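1. after the sequence you'll find the predicted model.
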Amino acid sequence: MSEKAKENCRIVSQTCIGKDIYSMWLQTDKIAQNARPGQFLSLYTRDGSKLLPRPISICEIDKENSRIRLVYRVTGKDTGTEAFSRLHANVPVETLGPLGNGFPLEEARGKKVFLMGGGIGIPPMLETAKQLDAEKTMILGYRDELFLNEEFKAYGDVYVATEDGSAGTKGNVMDAIRENALDAEVIFACGPAPMLRAIKSYAEEKGIPCWISMEERMACGIGACLACVCKSKDVDSHSHVHNKRVCKDGPVFLSTEVEL
């Protein structure tokens, strides 16, 4: 696991790239150098009433310039994400990271891989696509409005599914696989639980190794508070029950290790 650090990062730029979707580049000293695809950062708000940081997945890593890109959704008023969306260039943001285990890129090297993202689970798949040395097919699921999909095209074939049928396949990512007769040897996925449940079932049926990044609501980000536990096949050494802590043991798990 990468060495984490707490830094006062500086916002380089921030833009709105879709309805309630924001793209923020952060200047870091150490975090970008240690970060890997599938990990996340915990950002502290400047509001003293909100003590816990907000976890946000890493979208892109620019080691050369020591920068990290975060793409996140504003989830409502008076939330950490809403506060972050109002920040601008040169504002400092206290940040802890990189956190979590990331995707095991070596397990998919040279193979035929599905990179599957749904909603705000799409951003972490972009750096995964950039770094993974494999034959990549990206399958991205949206409610309606698209974001980031054009950026994925530099790394392989991109298939889109929308719930309202406004772009690509009408339906979800599994519908896009069926409609386009796609196949793979390995799957990396991130998204909401119903999507991951369907992907896990499909992977088991086809005998495909599958790693999923869980989007549970994380609070402390370091495994202490147990707010983000998920059911697992194994007994957790910390809580001594069939749980894994998404922030500490994950967020990426082999799909057969967890129950959804």
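-> Thanks, I have it.

2. how near is the closest residue in space to Glu3 that isn't next to it in sequence to Gly100?
-> Leaving aside its sequence neighbours, Glu3 sits nearest to Asn34 (C-beta to C-beta, 6 or more residues apart in numbering; 5.4 Å). For glycine as for every other residue, the C-beta is placed from the backbone atoms N, C-alpha and C. Going from Asn34 to Gly100 by C-beta to C-beta, to the nearest Å gives 12 Å.

3. with Ala161 instead?
-> Counting by C-beta to C-beta, the gap from Ala161 to Gly100 is 26 Å.

4. these two: which is more packed in?
-> Gly100 (28 against 24; other C-beta atoms under 10 Å).

5. buried set for stretch 52-67?
-> Within stretch 52-67, the residues scored as buried using 16 or more other C-beta atoms under 10 Å are 53-62, 66-67.

6. just stretch 18-38 next, same as before
-> 21-28, 30-32, 34-38.

7. now the end-to-end length of it.
-> 22 Å (C-alpha to C-alpha, to the nearest Å).

8. what distance separates that stretch from the centre of its chain?
-> 11 Å (C-alpha atoms, centre = their mean, to the nearest Å).

9. quick one: contacts of the lengthiest helix in the chain?
-> Criterion DSSP state H: the longest helix present in the chain is helix 193-206. Contacting residues not belonging to helix 193-206 are listed as 116, 118, 121, 141, 172-174, 177, 187, 189, 208-210, 212, 214-215, 255-256, 260 [C-beta atoms under 8 Å, 6 or more residues apart in numbering].

10. just the buried subset of these, please.
-> Neighbour-count burial (16+ other C-beta under 10 Å) applied to the contacts of helix 193-206 gives 116, 118, 121, 141, 172-174, 177, 187, 189, 208-210, 212, 214-215, 255, 260.

11. quick one: contacts for Ser57?
-> 38-40, 70-72, 120-121, 123-124, 190, 213.

12. you'd agree it is in a strand?
-> Yes. The assignment for Ser57 (DSSP: H, G, I helix; E, B strand; the rest coil) places it in a strand.
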